[in-house]
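Undergrad: Below: sequence and its predicted model.
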Amino acid sequence: MNMDPTRPLIVQSDSSILLETHHPEFESVRGMLSRFADLVKSPEHLHTYRITPLSLWNAAAAGMPVEQMTACLQTHAKFGVPPSVLGGIRKYAGRYGMLSMRNVGDELHLVSDDTVVLNEIRAYDSLKKYLTDTRGERAIAISPAKRGLLKQELTKLGYPVEDLAAYRSGEFLPIRLRDEEAVDEPFQLRDYQKSAVDAFHRIGNGGSGVLVLPCGAGKTVIGIAAMAKCSCATLILTSNVTSVKQWKREILSKTGLGEDQVGEYSGTTKEVRPITIATYQILTHRGKKEDEFAHMRLFSEREWGLIIYDEVHLLPAPVFRATADIQATRRLGLTATLIREDGREDDVFSLVGPKKFDMAWKELESQGWIAKVTCQEIRVPLSESDRDLYGASGARQQFRIAGENEGKLEVIDHLRRLHAGEQTLIIGQYIDQLERIAAHTGAPMISGGMPYEQREELYAQFKKGQLPLLIVSKVANFAVDLPDAAVAIQVSGSYGSRQEEAQRLGRILRPKSSGANSAVFYTIITEDTKEQDFAMKRQLFLVEQGYAYRITHWCSNDAEREGDLNEV
């Protein structure tokens, strides 16, 4: 085994990998490693990654060769790479594409050149209900109705399927992008947006899969371009009514489609048109019977040729079940992160599709397509009385006490003075806390209980610069386009949610229309509490994307009611 102490990686036999953060090659190695391994821990000096079957399958599906994965480790490992790790990469990455689904005449077949694997699959009791008759040594006929369920089960057994079977074309709908027409307001797809659309349509006239890009990178535009390539009736599922309105505006402004062709399907409006945009919430709304999802029929209301899952990492469990039944319809997932808080990333892989494209946040930042963001965590002590209350409370209450720490108000005042004149968002989890901050600052607060029209008016005022400060609850985590927001102050969050951290950072990633294309993301947490522990988990996502976190300690001066920030 070769040994070179100047290299930055330590590869361990359990498929975990340690990466030295202060090594001169850290950035380049991190960028390559993150394509086929998942970040697990990110302390200051050593980041820990783990290679999993799913991380390898997504890398293989996105076009990364096995040789590139193994070469990354062999080139940069201090003590060489254990043979078991290299063997595991070849074994699991090689399994993607070993099995495929294909149309043969009027039948749907599960096909493999590896007859041993097919014989193993025939022997699984859990698979027999999905399989019908063998078709020679290299194929098994399967029921088209079981297409999704079989892929889901095979993924769990460690045999991911490359789905190359045909998709229904759906109801024909000519969709032309305005950059293809002689109009007054043309727009041009950026190079990476074209690459993302091409990745989705790499095989024939388009298959299914997930495109991963940062907030602010134009995922909506990419979805619209994919629609134009398919030219068919499309169902778009997204996270909230604000996002529904945003999709509709973008579709009408960037295509030749008219108002009568684009419908909204939500709690207040039920329009089923050739392009229909619905919320996940309405699909999972139960009818009069407790076990009935009344609006799931939307999946069969028209001959959809494409279904777009916006914010696919938020896909509710009942929609997974419906998605398993519509595998003959093309599916496109759009997201800033494949991380799911419920751990169902494998279901996204098998039912929506594998990762087809992944754009590094830092790469887009370097090209000026998203703002350059600096991240800072500010640790604030608890008061003596709150410290006593914290010690006497249960775990859940401790987290809330830390999150609502009154000492955070001083820090907010300091940061507002520091960034006077800049468009600022204060984002938090607890409504009571946000109401206190609103009363303290005099700024308006947006929460889920506020009527949609009132929310939109406040967002509009913020965009115009009429409101320099806006306080928002988690309702603003998703699909809120505030391009000039330059400062985000996170005062509380959802435990260790990496997903939420990504979305909140996304509120300030949009490129700025004037001045420096930069922004600052602050997280105020209570030191030596559960909140500090969970903050470390949330930050994993930002570290994955290459952001450095500066940690400072808040020191309050009681005499002047002013504070100071000192490096930890």
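TA: Ah, there it is.
Undergrad: from here on, contacts and neighbour counts on C-alpha atoms
TA: Noted.
Undergrad: how near is the residue positioned nearest the centre of the chain to Ala502?
TA: For the chain, Thr337 is the residue whose C-alpha lies nearest the centre (Cα atoms, centre = their mean; 2.4 Å). As judged by Cα to Cα, to the nearest Å, Thr337 and Ala502 stand 7 Å apart.
Undergrad: Kindly report the same for Ala199.
TA: Taking Cα to Cα, one finds Ala199 at 23 Å from Ala502.
Undergrad: I figured the residue nearest to the centre of the chain hits Glu501, correct?
TA: No - applying Cα atoms under 8 Å, one finds Thr337 not in contact with Glu501, separated by 10.3 Å.
Undergrad: Checking my notes, Ile17 in a strand, right?
TA: Yes - counting by DSSP: H, G, I helix; E, B strand; the rest coil, one finds Ile17 located in a strand.
Undergrad: what bridges to it?
TA: Beta-bridge partners for Ile17, by DSSP bridges, are Val11, Tyr49.
Undergrad: From what I see, it and Ile10 are in contact.
TA: Yes - Ile17 lies in contact with Ile10 (Cα under 8 Å); the separation is 5.7 Å.
Undergrad: Compare those two (neighbour count), which wins?
TA: Ile17 (24 against 21; other Cα atoms under 10 Å).
Undergrad: Just give the closest residue to Thr52, not the sequence neighbours.
TA: Ala37 (6.9 Å; Cα to Cα, 6 or more residues apart in numbering).
Undergrad: what do you get for Leu39?
TA: Tyr49 is the one closest to Leu39 (Cα to Cα, 6+ apart), at 4.3 Å.
Undergrad: Tell me who's in contact with that neighbour.
TA: By Cα atoms under 8 Å, 6 or more residues apart in numbering, Tyr49 lies in contact with Ser16, Ile17, Leu18, Leu19, Ala37, Asp38, Leu39, Val40, Lys41.
Undergrad: what pLDDT does it get?
TA: Note on Tyr49: pLDDT of 93.
Undergrad: measure it to Ala294 for me?
TA: Tyr49 is 43 Å from Ala294, by Cα to Cα.
Undergrad: now swap in Glu377 and tell me
TA: For Glu377, the distance to Ala294 - Cα to Cα - is 45 Å.
Undergrad: More neighbours: which of those two?
TA: Glu377 (21 against 15).
Undergrad: give me phi/psi at that one?
TA: phi -100, psi 130 (degrees, to the nearest 10).
Undergrad: My guess is it contacts Arg550. True?
TA: Yes - the pair Glu377 / Arg550 is scored as a contact, 6.2 Å apart, by Cα under 8 Å.
Undergrad: got the buried residues for stretch 430-450?
TA: Of all the residues in stretch 430-450, those buried under the rule 16 or more other Cα atoms under 10 Å are Tyr430, Ile431, Gln433, Leu434, Glu435, Ile437, Ala438, Thr441, Pro444, Met445, Ile446, Ser447.
Undergrad: Output the residues you listed as TSV; include the columns secondary structure.
TA: Below are the buried residues of stretch 430-450 laid out as TSV (three-state DSSP):
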residue	secondary structure
Tyr430	coil
Ile431	helix
Gln433	helix
Leu434	helix
Glu435	helix
Ile437	helix
Ala438	helix
Thr441	helix
Pro444	coil
Met445	strand
Ile446	strand
Ser447	coil
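Undergrad: where along the stretch 151-300 of the chain do the strands fall?
TA: 161-163, 209-212, 234-238, 262-265, 275-279 (DSSP state E, counting those that start in this stretch).
Undergrad: want to try TSV for those, with mean neighbour count, mean pLDDT and distance to Pro468 as columns?
TA: Below are the strands of the stretch 151-300 of the chain laid out as TSV (neighbours: other Cα atoms under 10 Å; pLDDT from 0 to 100; distance: least, Cα to Cα, whole Å):
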stretch	mean neighbour count	mean pLDDT	distance to Pro468
strand 161-163	23	92	50
strand 209-212	26	93	31
strand 234-238	26	95	29
strand 262-265	21	95	32
strand 275-279	25	95	30
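Undergrad: want to throw these into a markdown table with distance to Arg190?
TA: Listed next are the strands of the stretch 151-300 of the chain as a markdown table, based on distance: least, Cα to Cα, whole Å:
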| stretch | distance to Arg190 |
| --- | --- |
| strand 161-163 | 29 |
| strand 209-212 | 15 |
| strand 234-238 | 22 |
| strand 262-265 | 25 |
| strand 275-279 | 24 |
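Undergrad: Which of those sits closest to Phe541?
TA: strand 209-212 (13.4 Å; Cα to Cα).
Undergrad: Which strands or helices does that closest one pack on?
TA: Strand 209-212 sits against helix 191-200, strand 330-335, strand 355-358, with contacts defined as 3 or more Cα pairs under 8 Å, 6 or more residues apart in numbering; DSSP states H and E.
Undergrad: Let me know how buried Gly368 is, in neighbour terms.
TA: Count around Gly368 with other Cα under 10 Å applied: 15.
Undergrad: Specify which residues of the stretch 1-150 of the chain, grouped into ranges, have pLDDT under the cut-off.
TA: Filtered on pLDDT under 70, the stretch 1-150 of the chain yields the residue ranges 1-2, 44.
Undergrad: Tell me where it has strands.
TA: Taking DSSP E, counting those that start in this stretch as the criterion, the stretch 1-150 of the chain carries its strands at 9-11, 16-20, 38-41, 46-50, 99-104, 107-111, 131-134, 139-142.
Undergrad: quick one, which of those strands is packed in tightest?
TA: Ranked by mean neighbour count, these are led by strand 9-11 with a mean of 24 (mean count of other Cα atoms under 10 Å).
Undergrad: Please state the offset of it from the chain centre?
TA: 28 Å (Cα atoms, centre = their mean, to the nearest Å).
Undergrad: Packing partners of it?
TA: Short answer (3+ Cα pairs under 8 Å, 6+ apart): strand 9-11 packs on strand 16-20, helix 66-76.
Undergrad: And the contacts of it?
TA: Ile17, Leu18, Leu19, Glu20, Leu73, His76, Ala77, Lys78, Phe79, Gly80, Val81, Pro82.
Undergrad: and of the helices and strands packed on strand 209-212, who's closest to Leu108?
TA: Using Cα to Cα, those put strand 330-335 closest to Leu108, at 16.2 Å.
Undergrad: average pLDDT for the closest one?
TA: Rounded mean pLDDT across strand 330-335 is 94.
Undergrad: go on, stretch 440-450?
TA: Per-residue scores along stretch 440-450 average to 91.
Undergrad: which residues make contact with that stretch from outside it?
TA: Ile431, Leu434, Glu435, Ala438, Arg455, Leu469, Leu470, Ile471, Val472, Ser473, Lys474, Val475.
Undergrad: do that again at 7 Å, thanks
TA: Ala438, Arg455, Leu469, Leu470, Ile471, Val472, Ser473, Val475 (Cα atoms under 7 Å, 6 or more residues apart in numbering).
Undergrad: if I look at the fourth one, how far off is Leu235?
TA: The span separating Leu470 from Leu235 equals 33 Å under the rule Cα to Cα.
Undergrad: And Leu173, by the same measure?
TA: Taking Cα to Cα, one finds Leu173 at 12 Å from Leu235.
Undergrad: now Ile224
TA: In terms of Cα to Cα, Ile224 sits 12 Å off from Leu235.
Undergrad: any weak-confidence spans in the stretch 251-400 of the chain?
TA: 287-291.
Undergrad: where along it do the helices fall?
TA: 280-283, 317-324, 345-347, 361-366, 384-391, 395-403 (DSSP state H, counting those that start in this stretch).
Undergrad: Can I get these in a markdown table including distance to Glu137?
TA: As requested, those are exported to a markdown table (distance: least, Cα to Cα, whole Å):
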| stretch | distance to Glu137 |
| --- | --- |
| helix 280-283 | 43 |
| helix 317-324 | 28 |
| helix 345-347 | 29 |
| helix 361-366 | 46 |
| helix 384-391 | 66 |
| helix 395-403 | 57 |
